[in-house]
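give me a 3D structure for the following:
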Amino acid sequence: MTDTMAPKTIPEKVRVISIDAYRGFVMLLMASEGLEISRVVKLYPESALWQFLHYQVDHVRWTGCSLWDMIQPSFSFLVGVAAIYSLSNRKNSGQSYHQMLFHAVIRSLALILLGVFLRSDNKPQTYFTFEDTLSQIGLGYTFLFLLADKKPRIHAFAAAGVLVGYWLLFALHPLPPTGFDYTTVGVKPDFQHLQGFAAHWDKNTNFAAHFDQWFLNLFPREKPFVYNGGGYLTLSFIPTLGTMILGLLAGNILKSETQSLKKVKLLI
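This next block holds a predicted model:
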């Protein structure tokens, strides 16, 4: 058989065990809800161990951070890391840039619509909100693809620009007037409000909450959208995109030829 007749060899796809292990750990953390630690802790109210575990498997009310609050950022970060390998595998299999872009757009739409579909379950009509993990990743995924093949310094500048820009949107948004009734936006009277400059990030009175009061009412609804009870926001996809871009940086380091110990130092 001549060289011209030799079958085309398709490079083997690369899987990284550390990425799979991290993803599995995050899934296990999600499944920890089934352990019903909140019920167990009621039987041992004096136990510091059970109180600690209970705190870590629930979301904080607004400020602070628990282990559960890291689930969505972890998924977002992993999307960025995996994108580096996915893009490389698709290039090696012969896909063109336009084919990969089309795939990214379709994936974005699928994630967004799947999120809407799941939130619409058992509701009388489609419930259009975009605050869940699937929709948040979907809203940023195409932008992530457009950045994925750029140099790491572009990733760093993009992540900084996204996060600083989002911070400015909140910082420049006007605060509620004196005497504002926070219960009208779903904030209970006993809620510990942020004070001073930090009040620009208070629950359901910030820039992104104001945006949702306009944007989400563009869609057909049973009743006008006023607030999300948990303070979850459509525009949170912007810092989520920032986290995914940080994943791109980490993915480039992991995929590089640098020795393992140096990779760890670079990631730290």
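
from S47, how far off is N228?
N228 sits at a distance of 33 Å from S47 (criterion: Cβ to Cβ, to the nearest Å). Every C-beta, even on glycine, is put in place using the N, C-alpha and C of the backbone.

the more surrounded of the two?
Of the pair N228 and S47, N228 is the one with more neighbours under other Cβ atoms under 10 Å, namely 18 against 13.

nearest residue to the more buried one in space, ignoring adjacent ones along the chain?
Nearest residue to N228, sequence neighbours excluded (Cβ to Cβ, 6 or more residues apart in numbering): E131, at 6.2 Å.

contacting residues around stretch 50-65?
29, 32-33, 35, 37-38, 40-41, 44-45, 66-69, 191-192, 194, 203, 230-231 (Cβ atoms under 8 Å, 6 or more residues apart in numbering).

again, only using 10 Å
29-30, 32-33, 35-45, 47, 66-73, 187-188, 191-194, 198, 201-204, 230-232 (Cβ atoms under 10 Å, 6 or more residues apart in numbering).

show me which residues of it are buried.
Using 16 or more other Cβ atoms under 10 Å as the test for burial, stretch 50-65 gives 50, 53-54, 57, 62.

over to stretch 65-82?
68, 71-82.

quick one: the helices in the stretch 151-268 of the chain?
152-171, 207-215, 237-255, 260-267 (DSSP state H, counting those that start in this stretch).

comparing those helices, which comes out most buried?
Highest mean neighbour count of the helices of the stretch 151-268 of the chain: helix 237-255, a mean of 22 (counted as mean count of other Cβ atoms under 10 Å).

quick one: that one to chain centroid distance?
Mean C-alpha position of helix 237-255 versus that of the full chain (Cα atoms, centre = their mean, to the nearest Å) differs by 11 Å.

tell me what angle that helix forms with helix 207-215.
If you take axes from the mean of the first three to the mean of the last three Cα atoms, to 10 degrees, helix 237-255 sits at 120 degrees to helix 207-215.

now helix 237-255: mean pLDDT?
Helix 237-255 shows a mean pLDDT of 94.

with stretch 152-167 instead?
Average pLDDT, stretch 152-167: 96.
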